[in-house]
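In: give me the fold of what follows.
(chains A and B)
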Protein chains: 2
Amino acid sequence: MDKLMQDPNQFVSDIVDGLVRSHPDQYEKVESVNVIKRKGGTPSGHVGLVSGGGSGHEPAHAGYVGDGMLSAAVCGEIFTSPTPDMVLEGIKAADGGSGVLLIVKNYSGDVMNFDMARELAELEGIQTETVIVNDDIAIKNHDDRRGVAGTVFVHKIAGAAAAAGKPLKEVKEIAEKAIRQVRSIGMALSPCYMPESGKPGFELHEDEMEIGIGIHGEKGIERKPISSIKEIVAQLLDKLTSEVTDKRIAVMVNGMGGTPVSELYLTYKYVSEQLEQQEYKIERSYTGNYMTALEMHGFSITLLAVDDELLGYLDAPSNTIGFPVRGE
Amino acid sequence: MDKLMQDPNQFVSDIVDGLVRSHPDQYEKVESVNVIKRKGGTPSGHVGLVSGGGSGHEPAHAGYVGDGMLSAAVCGEIFTSPTPDMVLEGIKAADGGSGVLLIVKNYSGDVMNFDMARELAELEGIQTETVIVNDDIAIKNHDDRRGVAGTVFVHKIAGAAAAAGKPLKEVKEIAEKAIRQVRSIGMALSPCYMPESGKPGFELHEDEMEIGIGIHGEKGIERKPISSIKEIVAQLLDKLTSEVTDKRIAVMVNGMGGTPVSELYLTYKYVSEQLEQQEYKIERSYTGNYMTALEMHGFSITLLAVDDELLGYLDAPSNTIGFPVRGE
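Out: Here you go, the predicted structure:
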């Protein structure tokens, strides 16, 4: 296993330290816990937004902390849910007095621990709500669907609603609307390796690819020989377009961490061509490494059905390292 | 070799198409040649900036085309200099009537072809100047030093000077000042593979690393067992700090394409700690994949000695996908 690292036991805290050191104007670390908060805190009167979960998905979630997106990110160990105490620290860091929305990816550990943290926060008098993102259509059963790259759209949209001064109930409704309308599916040419064990999430032969992978090193739903990008995109879009039928969409081509942007832009060419052939109108597109799985080489496609309201939130200013939007 | 691609022969044109499709508000493709220009062209009265060279370094150089940086990027085949005719198209695309500065990385093919293009442009009445970036200290002989990640700082600084309306002579002088003050060195845990041949730039055993690599798959100056990131950073900084002795610096930790941002931020922790121990004052820092070598897994460190003038240019607004700066 080849990784740039010092000690597997401090892999996550080294990443967190590096993030805060790289962006001292933007971030503060909450003392003695791997929680990154927006410098200066949530503006008074605004809803705070907390997300997080296991680490290894960088720039998620800390990269989305900042003006117009998240107030705090809770950084668990690699692919491991943070404890309720850690999440509680995130909630406290995010609270600006107008309540806090928790944006949680649908994994049982995260759902449980964020829920316990929420109860603790309520005991401390902080009003909280939770939304659960479940955009990964690789899983057939809707209740079991994982939260993947679509979570970034939920951060952006809910963050813009919070920055516009909407109350907690409305920010939650906007987030839930985005969640209803977003779907993703991914693939990988190579697995990722755990820093401690050095073991891959799954074994994959050099000429094989894995369709429907998760973002925690989980293997996919189908393994086959590597085909051309045109065919891979067609297979993924076939599944996505059966669920996202509205024709006005935002598209994300997301790298899994080890994918060079050259290949992501190349992929976007085929994604956009095929969507246009099917008469989708691509209102906005985003290409880059947004929600990763360590150094996995692969990508996911996310489709978000949009209307003018969601487009307005996507276009609102965001001063974040992972999703910068200049605004007008 | 695992790559997301359709056909090795159209690898570069697919990337260029994907870039233009992803950012239709920002880019235009020059007809029938892989040159990307800023939509709307160089503002009248401003110096145009052209860079480029072989492809495979994405987001360089197209990712730096836009307000406040480059006017056009010439995208040769993978690691292959573009022809003089292609560069000429870039110069024409960049010309706003006030001359064009060519920012060239120090590789013999690029230097020769940009120079020939410059002669052709002069024949067509376009005033041009050239600067040559040679920041890679892995090469001992100064004249042979390659242009690597420091080129991005030169784009930013010269671009800001051009956007401020400086005349060609002054933009060139600012670029030369940046070039004099910037140094880089890189390392790799794994090589990159050529799309056509599927061959790696060099063979590297799984537990070995290569110090002093180039950005075209060239092997480095030293091969050794992979050590901890602290030791790797110490070795690279030892070489850099012997050449950059001014204590006010901007730092770039640049990924080589396949390096996840998690590892880059982790690396930045050690880079910043060690520089601070040596009493450097890090005025600005940049962490990300800026100047890559396909899917190579590794990083480079760039140090730029700065003064208030250069900091002003680094902080000036830039509406580019690879180096966005919001400005005040």
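In: how about the strand or helix carrying A:Glu231 as CSV, C-alpha atoms only?
Out: Using DSSP states H and E, A:Glu231 maps to helix A:229-241. Presented in CSV, the C-alpha positions along helix A:229-241 are these (Å, rounded to 0.1, in the frame of the first residue of the first chain):
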residue,chain,number,x,y,z
ILE,A,229,-15.9,5.1,-21.1
LYS,A,230,-18.8,5.5,-23.5
GLU,A,231,-20.2,2.1,-22.6
ILE,A,232,-19.6,2.6,-18.9
VAL,A,233,-21.4,5.9,-18.9
ALA,A,234,-24.3,4.4,-20.9
GLN,A,235,-24.7,1.7,-18.3
LEU,A,236,-24.7,4.1,-15.4
LEU,A,237,-27.0,6.6,-17.1
ASP,A,238,-29.4,3.8,-18.0
LYS,A,239,-30.0,3.2,-14.3
LEU,A,240,-30.0,6.9,-13.4
THR,A,241,-32.4,8.1,-16.1
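In: show me what contacts the residue nearest to A:Leu189 when sequence neighbours are not counted?
Out: Closest residue in space to A:Leu189, ignoring its immediate chain neighbours: B:Asp2 at 3.9 Å, by CB to CB, 6 or more residues apart in numbering or on different chains. In this view, the C-beta of every residue, glycine as well, is placed from N, C-alpha and C. Contact analysis of B:Asp2 by CB atoms under 8 Å, 6 or more residues apart in numbering or on different chains lists A:189-190, A:206, A:209, A:226, A:297.
In: try A:Asp115
Out: A:Thr130.
In: doesn't it fall inside a strand?
Out: No - according to DSSP: H, G, I helix; E, B strand; the rest coil, A:Asp115 belongs to no strand; its state is helix.
In: now do it against B:Lys239, distance only.
Out: Using CB to CB, to the nearest Å, A:Asp115 is found at 51 Å from B:Lys239.
In: what do you get for A:Ser190?
Out: 32 Å.
In: neighbour-wise, which of these two wins?
Out: A:Ser190 (22 against 16; other CB atoms under 10 Å in any protein chain shown).
In: does the nearest residue to that one once chain neighbours are set aside count as helix, strand or coil?
Out: Excluding the flanking residues, the one nearest A:Ser190 by CB to CB, 6+ apart is A:His297, at 4.4 Å. Under three-state DSSP, the three-state class of A:His297 is strand.
In: where's A:Val16, which helix or strand?
Out: Going by DSSP H and E, A:Val16 is part of helix A:11-22.
In: pairing partners for the helix or strand that that helix is followed by, with directions?
Out: As assigned by DSSP H and E, the chain's next helix or strand after helix A:11-22 is strand A:27-29. Next to strand A:27-29 in the sheet, as set by DSSP bridges, lie strand A:35-38 (antiparallel).
In: what sits against the residue of the stretch 101-250 of chain A found nearest chain B?
Out: Per CB to the nearest CB, A:Leu189 is where the stretch 101-250 of chain A lies closest to chain B, at 3.9 Å. By CB under 8 Å, 6+ apart, the contact set of A:Leu189 is A:204, A:209, A:226, A:297-298, B:2-4.
In: at 6 Å what do you get?
Out: Going by CB atoms under 6 Å, 6 or more residues apart in numbering or on different chains, A:Leu189 touches A:209, A:297-298, B:2.
In: what ranges do the helices span in the stretch 201-328 of chain A?
Out: A:229-241, A:261-277, A:308-315 (DSSP state H, counting those that start in this stretch).
In: neighbouring contacts of the shortest one?
Out: Going back to what we said before, that points to helix A:308-315. Residues contacting helix A:308-315 (CB under 6 Å, 6+ apart): A:156-157, A:160, A:283-284.
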